[in-house]
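Visitor: Next input, structure requested:
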Amino acid sequence: MPAELKSHSEGRTMVLTLSNPDHRNALGPEIYAAGVEALNAADSNPEVRSVVITGAGSTFCAGGNLQRLLDNRQKPPEVQAQSIEGLHGWIDAIRTFPKPVIAAVEGAAAGAGFSLALACDFIVAAENAVFVMAYSSVALSPDGGGSWSLARALPRQLVSELLMCGERIGATRLNTLGVVNRITPAGAALGEALALAALLNERAPNAIASIKELVNDAGDTPLARHLAAERDHFVRNLHHANGAIGIGAFLSKQPPRYP
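Guide: Residues are numbered from 1 along each chain as shown. Below is the predicted model of the structure:
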């Protein structure tokens, strides 16, 4: 069966499902392109407030298809470079997408599958989920922003262990370290991710977009410039129609209803 990225809606949440049953939901160029296209569609659709990315069956994503990578060794290096650019285009689209993106992880998130989960704003994982940067085990180095994300989330020594030794790390430990947001029983990650998405869907979309942008920029922005950005976002959101709705609802002790 061909690899594909399936899409369906759950209320105001778009659910993207990695489906490549013959290769444990391994990624490939067709999925990267479909992922960017889906996010572009969700960005322009005001009815979509959040996105959940999950895997079909009991595995989130096995990363790259090793047979495809082996075949690409017989082709010019530009072929593999172009494929990685496709992956990186999807990763960048997730990071810059103005709405929350949640990874719902069951089973293994390996290689680029781990990088994909790390690119999301939230990770909800089953208690038996396993994360592994398996690149060094096959004489490769990371892609998909995995080294970038881990280096900003964890101590250097642990990142070196995960990347250089290809050590597996469980969802429970990543939860303790602050990388995984929520732990669920096996089989319940998608349901919990949808519950989290529903909570986020009730928040003002403009404020959520501002928060995501500020968080994305914080690591590389000097404090003075970041303070100026916080000021500008705050003022813009205060004068947005949703600012009146949110403050008014709080003062009247009513739940806000944002259009």
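Visitor: Please identify which helix or strand holds His8.
Guide: His8 belongs to strand 4-10 when assigned by DSSP states H and E.
Visitor: Could you list the paired strands of that strand along with their orientation?
Guide: Strands that pair with strand 4-10, judged by DSSP bridges, come out as strand 13-19 (antiparallel).
Visitor: Past the strand it pairs with, which element shows up next along the chain?
Guide: helix 29-43.
Visitor: now that following helix: mean pLDDT?
Guide: On average, the pLDDT along helix 29-43 is 97.
Visitor: Could I have the CA atoms of it written out in PDB?
Guide: Written as PDB, here are the backbone C-alpha positions of helix 29-43 (Å, rounded to 0.1, in the frame of the first residue of the first chain):
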ATOM      1  CA  PRO A  29       8.400  12.900  -0.200                       C
ATOM      2  CA  GLU A  30       4.700  12.400  -0.900                       C
ATOM      3  CA  ILE A  31       3.900  12.700   2.800                       C
ATOM      4  CA  TYR A  32       6.000  15.900   3.200                       C
ATOM      5  CA  ALA A  33       4.200  17.600   0.300                       C
ATOM      6  CA  ALA A  34       0.800  16.500   1.600                       C
ATOM      7  CA  GLY A  35       1.700  17.800   5.000                       C
ATOM      8  CA  VAL A  36       2.600  21.300   3.700                       C
ATOM      9  CA  GLU A  37      -0.600  21.300   1.600                       C
ATOM     10  CA  ALA A  38      -2.800  20.300   4.500                       C
ATOM     11  CA  LEU A  39      -1.300  23.100   6.800                       C
ATOM     12  CA  ASN A  40      -1.800  25.700   4.000                       C
ATOM     13  CA  ALA A  41      -5.400  24.700   3.800                       C
ATOM     14  CA  ALA A  42      -5.900  24.700   7.500                       C
ATOM     15  CA  ASP A  43      -4.200  28.100   7.800                       C
END
